[in-house]
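1. I need the structure of the sequence given here:
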Amino acid sequence: MNTETDSKCRLCQQFDEIIDHILSACLIPAKEQYIKRHDRVCAQLHFNICKETGVQLDKKHWYEHVSKLVETCQGDKVTILWNQQIQTNRTIHNNKSDIIISDNEKGTCMLTDTEISGERNVIKKETEKSLKYKDLTTQIQRMWNVKTKVIPVITGATGTISKSFRKSVSNIPGKHEVKELQKTAILGTAHILRKVLM
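-> You can find the predicted model right below:
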């Protein structure tokens, strides 16, 4: 009688099946489920940004909101880009942030990039995101003549946030409830677990 159990992930069969692996590192749910969870958090941010900047919204609640690739408001003074590549004068590999808010009147540009990571990697991912877009921020500053900054929005799969999370989110236009962003990430995680374990 064989009493040994296989510790490999039931989905990818490559790594040990630990909770961090299933929630944020397995290649199988990464193709679809991680992206859906990520996009729900981004949609919530996008809805709040649009609401704050005066974009005409079709829906009353963020969870009904369908993000458009380009939103303009205040007489084209503010442009909000959703998941768009930025064409630059030189080749930059990381030229696509989740949400870009360009305010022509204030002369500012804000790149927000979201990630739902493993619990142990939240702080590491914040640093990585800031460094990832360094070349892009430099190019945007030169091309558009605006002050540019990157705001990473990183939460763990079970809602873990860093000490700087609240401050970062408060810099993004709109009323963003930290608990609601965490809840959205956690609900996405619960959905992934149901799919994996059923």
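2. and Asp6, that one's in a strand?
-> No: counting by DSSP: H, G, I helix; E, B strand; the rest coil, Asp6 is not part of a strand but coil.
3. quick check, pLDDT for it.
-> Per-residue pLDDT puts Asp6 at 80.
4. any idea which element the nearest residue to Ile100 once chain neighbours are set aside lies in?
-> For Ile100, ignoring the flanking residues on the chain, the nearest one in space by Cβ to Cβ, 6 or more residues apart in numbering is Leu81 at 4.2 Å. C-beta here means a position set from N, CA and C on the backbone, and glycine is covered the same way. According to DSSP states H and E, Leu81 maps onto strand 78-85.
5. can you list the strands that that strand pairs with?
-> Its sheet considered, strand 78-85 pairs with strand 70-73 (antiparallel), strand 96-103 (antiparallel) by DSSP bridges.
6. can you check which of those strands gets nearest to Lys31?
-> When the strands paired with strand 78-85 are compared by Cβ to Cβ, strand 96-103 sits nearest Lys31, at 18.2 Å.
7. next one: that closest one to chain centre, how far?
-> 11 Å (Cα atoms, centre = their mean, to the nearest Å).
8. now stretch 94-109
-> With Cα atoms, centre = their mean as the basis, stretch 94-109 stands 15 Å off its chain's centre.
9. what about that stretch, how long is it end to end?
-> With Cα to Cα, to the nearest Å applied, stretch 94-109 spans 16 Å between its terminal residues.
10. in that stretch, what counts as buried?
-> Buried residues in stretch 94-109, counted by 16 or more other Cβ atoms under 10 Å: 95-104, 109.
11. quick one: average confidence on that stretch?
-> Computed over stretch 94-109, the mean pLDDT rounds to 95.
12. over to stretch 116-131?
-> Mean pLDDT, stretch 116-131: 93.
13. next: stretch 76-87.
-> Across stretch 76-87, the average pLDDT comes to 94.
14. report the buried residues of that stretch.
-> By neighbour count on 16+ other Cβ under 10 Å, the buried set for stretch 76-87 is 78-82, 86.
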